[in-house]
Structure formats: structure tokens, C-alpha cells
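J.: what's the 3D shape of this:
(2 chains)
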Amino acid sequence: MSAVAAAAVAPSSDTLLTVEHLTMRFGGLIAVEAVTFEAKRRQITGVIGPNGAGKTTLFNCITGFYKPTTGRLSLHRDEGVPLLLEQMDGYLIGQKARVARTFQNIRLFPGMSALENLMVAQHNKLMRASGFSLLGLFGMPSYRKAEAEAKEKAVRWLERLGMLNLADDPAGSLPYGAQRRLEIARAMCTDPVLLCLDEPAAGLNPRESAELNHLLIEIRDQIGIGILLIEHDMSVVMGISDHVVVLDYGRKIADGTPLEIQRDPAVIRAYLGEEEKED
Amino acid sequence: MTDAVMRTAVPAKRPNIYFEAFKEASITAVLVFLLSVYMVGAHTEASQGQPLGFTTRFMDVFWACVLVPCGRYLIALDRQGLHLPALIGGVVSFVYLFAVGALGMVGSLAYDTFPHPFDEPMVDIIFALGGIYIFGSAYRGTRTRRHGGLTIDQREAKEQRSSNWARRMSGILGPMLIGIAVVVPIYMPFSPWQGATRQVVETLILILTYVMLGWGLNIVVGLAGLLDLGYVAFYAVGAYTYAKLSTELGLNFWECLPLAGLLAASFGVMLGFPVLRLRGDYLAIVTLGFGEMIRIVLINWQNFTGGPNGIGSIPKIDFFGLPFERKAPPGEDTFASFFGLDFSTVHRVFFLYYVILVLALITNLVTIRLRRLPIGRAWEALREDETACRALGINPTNTKLTAFAIGAMFAGFAGSFFASRQGFVSPESFVFIESAQILAIVVLGGMGSQVGVALAAILLIGLPEVMRELSLYRMLFYGMCMVLIMLLRPRGLLAHREPTIQYKKRGYSR
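T.: Numbers count the residues shown, from 1 in each chain, chains lettered A, B, ... in the order given. Okay, the predicted model is just below:
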């Protein structure tokens, strides 16, 4: 418990997101209880835990799908006062705070093409450029330019993920792995400062999973944003995380580098049962 | 044929297909009897000064209860792979019934020499069409030999083909329809049917009004995916706005048009704001309620709306200041005198036609453009997955509200036009069935497809007008058309989705 208290002190300049005493209650059920941790810029923070540990609930609180019962979520942007996510409306977290997310069960726009999916992600930027549709309706050149830029950005992402040949195909008809990648690209097209990925490696084969690792490291190092990652695939979490937070029954049981986590007796107990056993 | 049955038959457990088909046909017979015994069996007759009487037509009921189950029996056998009886039965019944019916239709005496099940030749012909349907489905069955249904790949390929076909047809039909729409009224006076010019153009005006309403609703239902069952409320707001403003304040059509659109749009926002958090069925129910509310307010707010009597003597449309009148007030021109024409009431009808054509085309143009703007993409994204939209920072409430408001605005324009054409508005014009009809146009046309909606409006509004001569059987034909569209093109006449932006252009060939 001393680790919890240590994390609550004033954040360093590297800190991107601080979660303080976050609790989420559904009636009598406490899904997340007094969880405190922080995620840093240019770091991948892994969140692991057995099934039902409250990982996705934690994500839903951070991305505004749930209003936390108590606790504070502050996002430290480059300058000025931190944004308090727990007080923001769901969509504003994407629009103003620039926290993007993907979903455990992929949620693309299945009827729209891959390229269109990435264009929708740039909605707010394009809305302003189109003068909230008025200028766009008359085909003003300023809007056309903005649209061309947005398209270029989308195409760059498709190229980076090696799916340029699928650009005009409906997202729903893409292969599973491509859908996972497209969802990450869509989140990245919103220009986020924090990217929350909910089990991005689920259902991927080992080769695709390795490609995903590579992509996430690239996003961290080249674009320099913070990544929050829920994952069951230990090869992904331990391989690329800079920092790992372990949840069990809604509580944080450990917090540290992957190496520390692997040796932590509480974590081993949570995953393998009460009987202590070396792995 | 029996060989085929033997081969597919599983020896022990397979039920006797003849018995199964017979069972199915018996159920059909009971259904037909229950449906027809009151509606066909008893026919009310009202005559002057007499209490309401009725005649019976039990022979017709009897023949319906014989013929329909026979058809069902053939279809049931056909589904089990026995195509031959359906092929023969279908074609025989078609040829015989059609021939007899046709004889009756032309009034030939031979009609009575051949035995015919019904006393109305038209009904014989309708049953003949049933025969051709049985033949057609059996013929298709022999071609595809689908015993266990289509595989997923086959189904996808089929859908792809159908969507490609729709894309090609839209490409051809769109410009063609616009061309025809522009030319027809000009051509009419010089055609062999010049006597009917006025009627034809009036009908076209009606069709175009519904095309415009369909396109307006298409924004809400087809693009944003919000099921609106009370669309006619905004049409009513537009109509009453024009009626009040023109009768009380003396504003002319062109001044009222934007105001009517604006007011209808603000009604859209007013309705939308509290209810757009609802989804699917719940939204549909609330919009249905809103539509009824507007109508009931119109009926009951006697001193403002004139109650059930409506508002009459609304000023008719003028040609940018020139009235379509026989005589102008002294010192002023009428349309006819200004252009040196002989006065004719047709001038106004022609002008109305081109006004609604332009209004409809503006609706179309704006919709097409909006679809390719971020707002349009957000509408479609919202239809596909609202949660994902929220995660991308799209404000769902505002996005839905704009769809609602813009859809309502076009209904307001159309309503204003309607009021100026009729010269009279009453709550009776804005009943629920109107909403349902506009929705039917959107759904049958293929949600989101502009050309499909226009085509559906032509069919659903134009057909009943064209078939006025069929009098009693008009609605029967109308219903059959709807059933046929649903059977043959379940996703709408021209259902296809054109991407709003493309990485590389591709032709229609793929």
C-alpha cells in the first residue's frame, strides 16, 4: 500500500495522466476501488489483471463512457492547469482532452470504407475547416485544402499499416487483423496525446502480434504520445511496456517495471492462486 | 424428377413431402378463408334513402379458398426440389386465367362461354399473376438448385452484384429522370395527349412534392439512421407558416419560403433536443407522438389555426410579383398581359411544376454535397456506431440535431409549397398515413439512395393516380407492387452506397 501513497504526490513534468483514488460502483458491485497510478509521456503503460479485474471499467472511466463514483482523473497537457477528465462529457474527452481509444470488440464503421473511417476520425478539425458545413457546402477552396490534407494523412496511415490496397473496401469486410490495425489508425487520426488500447492483440496470430508491438513502439518513439494498454497477451505487455499496473478485484495490487511485476508475489498469487509457486 | 427426390431423400426419417405440402396448403386455406370471408364475402351497398344493405359473394370466397392453397401446395413442393408441378401448374393457370380475364376485360361475349372462377375479369388477371409468380420462382429454382440455401460467399457475391447493378442503374436513371422531368410539361401540349396536360402536370407536381419530402426524410432516416415517424409534422409547420403569414401579414410566397423552412427547422431542433438521446424504436415512438401532437394542436387551437376547418383562401403563387390572374388591378400587369400571352389557368400549373422541380433538385443537391462534408460522414458514422463516434470526439447530440433540423427544413419548404398550391390547409392533410407513405418511399427506394427514392415516389404516388381507372382494384395493385418490391429487392429498389471519398477512382465495371 505504500506504493499507492507514493504515486499520489505531485506529478513530475513527464506525467501525462494521473489517476487518483478512482472508484467506480455499480449498485452494490465495486468494479474499481481506489486505484491510483500515473501514465507518463512517451511511455507505454500496461494494465493487466485476471478477467473481471476492472481493467475495461478503468478505461471506460478514463475515456468518459462512465462517470467515476469518486476519484480524480487529471490529464496534464503541455502547459497550464490539468484537465479534469471525470468532469467532462464523454465526447469532449476525445475532442478537447484528446484521449483516443480502441475497443475490446472492434467498433469500426463497418459500412464505410477504410479511408472514410479515418476521415471521420478527423471530424472536428474538418468541421472547423468547413465552417461548420456552410463554407464546405459552397466548395470553398480553404475547405478543399483541409480535406486534401486530411485525406493525405489518412493515406499515410494506411500506407504505414500496409493496407493501402484496402483503402476503398468497406471496413466490415476487412480481415480481422486489418480491422484491429485500422481501429488503431483511426484513433491516431484524432491526433491524441493519450492512446488507450483495449486488448489490441486479442485474436491476432503471433506474427501480427509482433507487428503490433513494433507499431506501438513506433508510435511511442516517433510521435511521442503516451499509450495506455490493456492486454492479456503477456508477450506484448512484458515486451513493450515501460511500466505495468496490475489490477485484481478492482484494486491495484502492484505497479512497476515489467521485471518487477514478474517477480511480485502478489501478482503471482493473483494469476496462479494462493499456493506460492515459482515460474 | 422422382429420381432427384430419391437421391436427396434421407431414407428413414424424412417426412412425406406431399403430406407436408398438403398440411401447409390446408393452413393457407384456413387463413384465406378467415381473411376473405368478411372482406370479400360480404359487400356493403349504400343506396339513397335506404339503410345500409349488403350482398354476398360466397362463390368468390370459395374459389379463393381453392386456388390459393393449390398455389401454396405447388410452392411447397417446389421448395422441396419438386419443380415440375409448379412449372406446369404455374404456366397453365397463368395462361388460362389471363386469357379468360383478358377476354372479359375487352368485353368479349366469349368471356361467359369459358368457365371462370370470378365474375370480375380483373380478379382473374390478378390470380393469373400469382400463377406467373409460381412459375418464375420454380424456374429460378431449377437454375440455381439451391437445396440448403446460399453459402455466405454466394450471398455476398449476390449482394455485390445487386449493389453494382443499383450503382449502374442510378448512374443511368438519374440524369434520365431529370431530363424527362424538365421536358415533359413543355412537350405535353404538343403531344397527342394534350387534352390531359393539366392532369398530367398536376400529378407530376404531386409526385415531385413527395420526391422532395422523400429526399428530406432520407437525410434523417437514410443518412443519420434516425427513424422518424412524425416527419409530416414539419410539413404541416411549413404549410401553416405560409398560410398564416400570407393571409395575415400579406407576405408573398418567396418571402414565406425561407421563413417556413426556418420555422420547421427550429421545430426540428425543439423536438430533437429532448428526444435524441433515445435510440431506435424509442425514438420512432416519440417522433410518432410528436407528429400526432402537432396535428391535434392544429385541430384544437381554433382561433389560430381555424381548427378542423383549416385556413382557406390562401393567396396563390405569383410569378415574382406578377399574379396568374385573368384581370389585374388597374395599372398593374398580370403574368399573361406582361408576356403578351392569352390568359390560361395552365400557366400557373406550369409555374408551380417548375418551382417544385427546382426545390426538389435543390434538396437533392444539398443532400449530395452534405454527404461528402464532414457532417455527412459523421451522420453515417453515427448510424453505424454511436459509441465509436463518441470516442472519436464527435458530439452526437449536435450531429443528430443538424440532421433533424435540415430534414425538417426541407419538409417546411415542401409544406409551404403545398399550401400555396392548394390555397387551403387543414389538419386532415397531415395525418400519420402521410408520414408512413414518405417513410415507405425512403425504405422502398433504398435507404440513402437518391435515385431510388425518386423512383419509389414515382411508383408509390404515380401508380395510384395512373390506375384510377381500375377503381376498386387500385389499392390491391398498389399492395402487390409493394410486396413485389420487397420480394425482389429487399434492400430497396436501388440500394447501394457510394463512398464519400475514394483513394483511387474505380469504374462501374467492378
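J.: quick one, what contacts residue B:311?
T.: The contact partners of residue B:311, by C-beta atoms under 8 Å, 6 or more residues apart in numbering or on different chains, come to B:240, B:243, B:244, B:247, B:305, B:424, B:425, B:426. Backbone N, C-alpha and C define where each C-beta goes, glycine included.
J.: go with 6 Å
T.: B:243, B:425 (C-beta atoms under 6 Å, 6 or more residues apart in numbering or on different chains).
J.: same deal with the one 4 residues further on?
T.: Residues near residue B:315 by C-beta under 6 Å, 6+ apart: residue B:246.
J.: redo that, cut-off 10 Å
T.: B:242-243, B:246-247, B:250-253, B:256, B:323, B:419-420, B:423 (C-beta atoms under 10 Å, 6 or more residues apart in numbering or on different chains).
J.: Tell me, what's the model's pLDDT at it?
T.: At residue B:315, the pLDDT value in this model is 83.
J.: Likewise for residue B:472?
T.: For residue B:472, the predicted pLDDT is 66.
J.: Equivalent analysis for the one 3 residues further on, please.
T.: Note for residue B:475: predicted pLDDT of 71.
J.: Check the secondary structure at it for me.
T.: At residue B:475, secondary structure determined by DSSP: H, G, I helix; E, B strand; the rest coil is helix.
J.: Secondary structure element for the residue lying closest to it once chain neighbours are set aside, which one?
T.: Spatial nearest neighbour of residue B:475, chain neighbours left out: residue B:464 (7.7 Å); criterion: C-beta to C-beta, 6 or more residues apart in numbering or on different chains. Using DSSP states H and E, residue B:464 sits within helix B:463-466.
J.: which of the contacts of residue B:315 lies closest to residue A:220?
T.: residue B:256 (60.4 Å; C-beta to C-beta).
J.: wait, what's in contact with the closest one?
T.: Shown in contact with residue B:256 (C-beta under 10 Å, 6+ apart): B:238, B:241-246, B:249, B:263, B:315, B:416, B:419-420.
J.: among these, which two are most distant?
T.: Largest pairwise distance in the contacts of residue B:256, by C-beta to C-beta, is 18.3 Å, between B:263 and B:315.
J.: Surely the residue nearest to residue B:475 and residue B:458 touch.
T.: No: using C-beta atoms under 10 Å, residue B:464 is not in contact with residue B:458, being 11.4 Å away.
J.: so what's the closest residue in space to residue B:309 that isn't next to it in sequence scoring on pLDDT?
T.: Nearest residue to residue B:309, sequence neighbours excluded (C-beta to C-beta, 6+ apart): residue B:426, at 6.7 Å. If you check residue B:426, the pLDDT there is 90.
J.: Pick out the residue in the stretch 401-510 of chain B sitting closest to chain A.
T.: Residue of the stretch 401-510 of chain B nearest chain A, by C-beta to the nearest C-beta: residue B:503 (3.6 Å).
J.: Contacts only, for that residue.
T.: Residue B:503 makes contacts with A:113-115, A:151, A:154-155, A:158, A:164-169, as judged by C-beta under 10 Å, 6+ apart.
J.: Quick check, central residue of chain A?
T.: By C-alpha atoms, centre = their mean, chain A has its centre lying nearest to residue A:196, at 0.6 Å.
J.: Looking at residue B:464 and residue B:458, which has the bigger crowd around it?
T.: Neighbours were counted for residue B:464 and for residue B:458 using other C-beta atoms under 10 Å in any protein chain shown; residue B:458 has more, 19 against 16.
J.: residue boundaries of the strands in chain A?
T.: Applying DSSP state E to chain A gives strands spanning A:15-26, A:29-40, A:44-48, A:70-75, A:83-84, A:99-101, A:194-198, A:226-230, A:243-248, A:251-256.
J.: Mind naming the longest helix for chain A?
T.: Within chain A, and with DSSP state H defining each element, the longest helix by residue count is helix A:141-160.
J.: How about stretch A:51-62, which residues are buried there?
T.: For stretch A:51-62, a neighbour-count test (16 or more other C-beta atoms under 10 Å in any protein chain shown) marks A:53, A:54, A:55, A:56, A:57, A:58, A:59, A:60, A:61, A:62 as buried.
J.: Looks like the first one contacts residue A:253 (just checking).
T.: Put plainly, it is residue A:53. Yes: judged on C-beta under 10 Å, residue A:53 makes contact with residue A:253 at a distance of 9.0 Å.
J.: can you list residues touching both of these two?
T.: Common neighbours of residue A:53 and residue A:253 (C-beta under 10 Å, 6+ apart) are A:246, A:247, A:270.
J.: Please name the residues that touch the last one.
T.: What that stands for is residue A:270. Contacts for residue A:270 (C-beta under 10 Å, 6+ apart) come out as A:48, A:49, A:50, A:53, A:246, A:247, A:248, A:249, A:251, A:253, A:254, A:264.
J.: The second one too?
T.: Taking C-beta under 10 Å, 6+ apart, we find residue A:247 in contact with A:32-33, A:35, A:37, A:47-50, A:52-55, A:57-58, A:230, A:253-255, A:270.
J.: Bridged to it, which residues?
T.: residue A:252 (DSSP bridges).
J.: Okay, it and residue A:30: tell me how far apart.
T.: 12 Å (C-beta to C-beta, to the nearest Å).
J.: Common neighbours of these two, please.
T.: Taking C-beta under 10 Å, 6+ apart as the contact rule, residue A:247 and residue A:30 both touch A:54, A:57.
J.: Next, count neighbours for the residue nearest to residue B:309.
T.: Neighbour count of residue B:426, defined by other C-beta under 10 Å: 20.
J.: cool, the one 4 residues further on as well?
T.: Neighbour count for residue B:430, taken as other C-beta under 10 Å: 26.
J.: got it, and residue B:15?
T.: Around residue B:15 there are 8 residues (other C-beta under 10 Å).
J.: tell me the contacts of the residue nearest to residue A:107 when sequence neighbours are not counted?
T.: For residue A:107, ignoring the flanking residues on the chain, the nearest one in space by C-beta to C-beta, 6+ apart is residue B:388 at 4.1 Å. Applying C-beta under 10 Å, 6+ apart to residue B:388 gives the contacts A:101-103, A:106-109, A:117, A:120-121, A:183, A:186-187, B:381-382, B:394.
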